[in-house]
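Q: output the structure for:
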Amino acid sequence: MGMLNFDTVRELGLALPDVVDGTAYGAPALKLGGKLLACVPVNKSAELNSIVVHIDLEQRAELLRQQPDIYYITDHYAPHRTVLVRLSRITRADLRELLRDARRLVMRSAPRTAVTIDRPKSAVRQSGVRKRPRKR
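A: Residues are numbered from 1 along each chain as shown. Just a heads-up that it's a prediction; the model follows:
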């Protein structure tokens with residue numbers, strides 16, 4: 001078994017229903033309905049050959065407690081519902097399960113928690129521009 005990389009993450013993630021290839025902050029990512037599932041972390045606090053995965057905070061605490069050699073967190077990522085994963089340490093089977101868990105979480109998460117980095121500018125209301133009042 002070779003060392004895992006983002007190509008492996010992409011292969012496993014795209015095998016899940018409705019998961020698509022995308023980008024987040026200019027880095028390769030997997031998304032579901034426009035929401036971030038997993039990506040290559042761009043913050044310098046993350047170790048090389050890691051991924052950041054959307055995860056429930058309780059599950060993150062459990063993973064960090066049980067397997068700190070695989071899962072970790074930095075100050076930058078701590079406030080978010082994410083965990084960092086060392087691809088050199090995780091098994092393919094555990095990665096597949098983690099991505100499935102992330103997909104389930106993203107599917108049931110509220111729209112306000114969605115990552116909408118790739119929204120077209122036309123979808124974003126311009127600051128200071130007021131809509132015309134409706135004619136009655």
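Q: CA only for contacts and neighbour counts going forward, please
A: Will do.
Q: would you map the strands across this protein?
A: With strands called from DSSP state E, the chain shows them at 19-24, 27-32, 35-39, 50-54, 71-72, 82-86.
Q: can you tell which of these is closest to Gly2?
A: strand 82-86 (14.0 Å; Cα to Cα).
Q: please identify the buried residues of the closest one?
A: Counting neighbours by 16 or more other Cα atoms under 10 Å, one finds that the buried residues in strand 82-86 are Thr82, Val83, Leu84, Val85, Arg86.
Q: how about stretch 30-40?
A: For stretch 30-40, by 16+ other Cα under 10 Å, it's Leu30, Lys31, Leu32, Gly34, Lys35, Leu36, Leu37, Ala38, Cys39, Val40.
Q: what sits up against that stretch?
A: 6, 10, 13-14, 18-24, 27-29, 50-54, 99, 102-103, 106-107, 114-116, 118 (Cα atoms under 8 Å, 6 or more residues apart in numbering).
Q: out of those, which end up buried?
A: 6, 10, 13-14, 19-20, 22-24, 28-29, 50-54, 99, 102-103, 106.
Q: now stretch 100-107: how far from the chain's centre is it?
A: 10 Å (Cα atoms, centre = their mean, to the nearest Å).
Q: average pLDDT for the longest helix anywhere in the chain?
A: For the chain, the longest helix by residue count, based on DSSP state H, is helix 92-108. For helix 92-108, mean pLDDT rounds to 95.
Q: now stretch 9-26
A: On average, stretch 9-26 scores 96.
Q: CA atoms only for that stretch, dumped as CSV, please.
A: C-alpha atoms of stretch 9-26 as CSV (Å, rounded to 0.1, in the frame of the first residue of the first chain):
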residue,chain,number,x,y,z
VAL,A,9,-9.1,11.4,-1.2
ARG,A,10,-10.6,12.6,-4.5
GLU,A,11,-11.1,9.0,-5.7
LEU,A,12,-12.8,7.9,-2.5
GLY,A,13,-14.9,11.1,-2.2
LEU,A,14,-16.1,11.1,-5.8
ALA,A,15,-17.4,7.6,-5.3
LEU,A,16,-19.9,9.0,-2.9
PRO,A,17,-23.3,10.2,-4.3
ASP,A,18,-23.4,13.9,-5.3
VAL,A,19,-19.8,14.7,-4.3
VAL,A,20,-18.0,16.8,-6.8
ASP,A,21,-14.5,18.1,-7.4
GLY,A,22,-14.0,21.8,-6.6
THR,A,23,-11.7,24.3,-4.9
ALA,A,24,-11.6,26.1,-1.6
TYR,A,25,-9.3,29.0,-1.1
GLY,A,26,-7.6,28.0,-4.4
